[in-house]
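Peer 1: The sequence and its predicted three-dimensional model are supplied below.
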Amino acid sequence: MPVNETLSQYSDWSYTTATAIYVLALVFFLIEQSFGANGRRAAERTKARQLVGAGAPVEATADVPEPPVRRGRVERIGRMGAALTVLGVLLHFAALLLRGLATHRVPWGNMYEYIMAVTFIAVVTWLWAIRKFPVRHLSGFMLLPIVILMFIGGTVLYTVAAPVVPALQSYWLVIHVSAAATSSGIFLVPGVASILYMIRNAYDRNPKRFARFGSRLPEADVLDRVAYRTTVFAFPLFTFGVLCGAIWAESAWGRFWGWDPKETTAFVAWVVYAAYLHSRATAGWRGTRAAVINTLGFAVTVFNLFFVNLVTTGLHSYAGVG
């Protein structure tokens, strides 16, 4: 069936608008991070612990109330950022849906569409996180890599809407790539949370390190829980995607595994995340070591997304996804 150019154009407009809205929301969240109550209270709690540790009386560590007018204004800016993020997600979803309707297939058949899907899942996962944990004021740090990915996807990696190549005309494109995109999008959240955890933990150990930034982050335990719970959810999906990829490879190429660069890097990422979950379950790691492993898994995932897809040559090179 021919591509519907009108729907394709609407999809591109929705994508561009969603990116612009995410940028505006990012600015609002950075204002909340800098001046809002959550970041201020985190800094005051940290200062209170330091004073108590130095022998100061507990009364001297009480929070100094912020003027209600200023606090209310900054909180409204944070809520506006969250509302803009929801609006951006709706437009983001519309871009995916319209792309699929325009091409009469699932909208993740090339790198542009794949990044569109990955970033959509990442934002949805973060919206869940800010409902479960007091981390809304950190949303700017989460939206920053998403905006960068969407900018790269919409400029350098943009592809005109078209049918997929014959090698991808399979129901496994729906199953395998959707699992890979969903898990990759979710993994973006624990990756950022683990990096912030290491900054916060370094500050707790030595307040002179990241003095102005680290004190305004949530407690390290909160960031650790965000990273762990999202990884626990994403890992089974990632495992399912790897297994489906092996089955598709056997059907398409006559073997389950061939150490193709894409397969190898995906397997390395799987081992890293498995090591993270195993260490948490058996060794009881809750600190920097677990965060380092999770961050390493995130780095391998990003490496797989860009370098392996765009630089190396392998059996997956015809699409850049899979």
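Peer 2: Nice, I can see it. Numbers count the residues shown, from 1 in each chain.
Peer 1: residue ranges for the helices of the stretch 101-250 of the chain, please.
Peer 2: Listed in chain order, the helices of the stretch 101-250 of the chain (DSSP state H, counting those that start in this stretch) span 111-132, 139-155, 171-205, 211-214, 220-253.
Peer 1: Now for this protein, the helix or strand with the poorest mean pLDDT.
Peer 2: With mean pLDDT, DSSP states H and E as the measure, the helix or strand of the chain carrying the lowest mean pLDDT is helix 37-53 (a mean of 53).
Peer 1: so where is this protein shaky, pLDDT-wise?
Peer 2: Low-confidence regions of the chain, defined here as pLDDT under 70, cover residues 36-71, 283, 308-322.
Peer 1: In space, not sequence, find me the middle residue of it.
Peer 2: Note on the chain: the residue nearest the mean C-alpha position is Leu188, at 2.5 Å, using C-alpha atoms, centre = their mean.
Peer 1: Now do the contacts for the closest residue to that residue other than its chain neighbours.
Peer 2: Nearest in space to Leu188, with sequence neighbours left out and distances taken as C-beta to C-beta, 6 or more residues apart in numbering, is Ala122 at 4.1 Å. Quick note: C-beta positions are derived from backbone N, CA and C, even for glycine. If you count contacts by C-beta atoms under 8 Å, 6 or more residues apart in numbering, Ala122 has them with 142, 146, 185-186, 188-189.
Peer 1: Okay, Ala122 and Ala202: tell me how far apart.
Peer 2: Counting by C-beta to C-beta, to the nearest Å, the separation of Ala122 from Ala202 is 25 Å.
Peer 1: Could you do Gly81 as well?
Peer 2: Between Gly81 and Ala202 the computed distance is 27 Å (C-beta to C-beta).
Peer 1: Which one's more surrounded, the two?
Peer 2: When neighbours are counted by other C-beta atoms under 10 Å, Gly81 comes out ahead of the other of Gly81 and Ala202, with 26 against 15.
Peer 1: quick one, the helix or strand encompassing Ala83 and helix 111-132 angle?
Peer 2: Mapping Ala83 onto the secondary structure by DSSP states H and E places it in helix 68-103. If you take axes from the mean of the first three to the mean of the last three C-alpha atoms, to 10 degrees, helix 68-103 sits at 150 degrees to helix 111-132.
Peer 1: Tell me which residues of helix 68-103 come out buried.
Peer 2: Going by neighbour count (16 or more other C-beta atoms under 10 Å), the buried part of helix 68-103 is 74-75, 77-78, 80-82, 84-85, 87-89, 91-92, 94-96, 98-100, 102-103.
Peer 1: For Phe267, identify the helix or strand it belongs to.
Peer 2: For Phe267, the enclosing helix or strand under DSSP H and E is helix 261-278.
Peer 1: residues touching Thr239, list them.
Peer 2: With C-beta under 8 Å, 6+ apart as the criterion, the residues that contact Thr239 are Trp270.
Peer 1: And it, how close does it get to Asp221?
Peer 2: Using C-beta to C-beta, one obtains 27 Å as the distance from Thr239 to Asp221.
Peer 1: Equivalent analysis for Val106, please.
Peer 2: The gap separating Val106 from Asp221 is 39 Å, by C-beta to C-beta.
Peer 1: Neighbour count for the two, which is higher?
Peer 2: In this view Val106 and Asp221 are compared by other C-beta under 10 Å, and Val106 has more residues nearby, 20 against 11.
Peer 1: if you skip the residues just before and after it, what's nearest to Ala275?
Peer 2: Ile293 (5.8 Å).
Peer 1: and the helix or strand hosting the one you found with helix 261-278, angle?
Peer 2: Under the criterion of DSSP H and E, Ile293 resides in helix 288-303. Taking the same axes, to 10 degrees, helix 288-303 and helix 261-278 form an angle of 160 degrees between their directions.
Peer 1: buried set for helix 288-303?
Peer 2: Under the neighbour-count criterion of 16+ other C-beta under 10 Å, helix 288-303 has 288, 290-291, 293-298, 300-302 buried.
Peer 1: now what about it, what contacts it?
Peer 2: Applying C-beta under 8 Å, 6+ apart, the external contacts of helix 288-303 come out as 184, 187-188, 190-192, 194-195, 197-198, 201, 224, 227-228, 231, 265, 268-269, 272-273, 275-276, 279-280.
Peer 1: now these: which count as buried?
Peer 2: In the contacts of helix 288-303, burial by neighbour count holds for 184, 187-188, 190-192, 194-195, 197-198, 201, 224, 227-228, 231, 265, 268-269, 272-273, 276, 279-280, counting by 16+ other C-beta under 10 Å.
Peer 1: Can you tell me how far Leu24 is from Tyr15?
Peer 2: The span separating Leu24 from Tyr15 equals 15 Å under the rule C-beta to C-beta.
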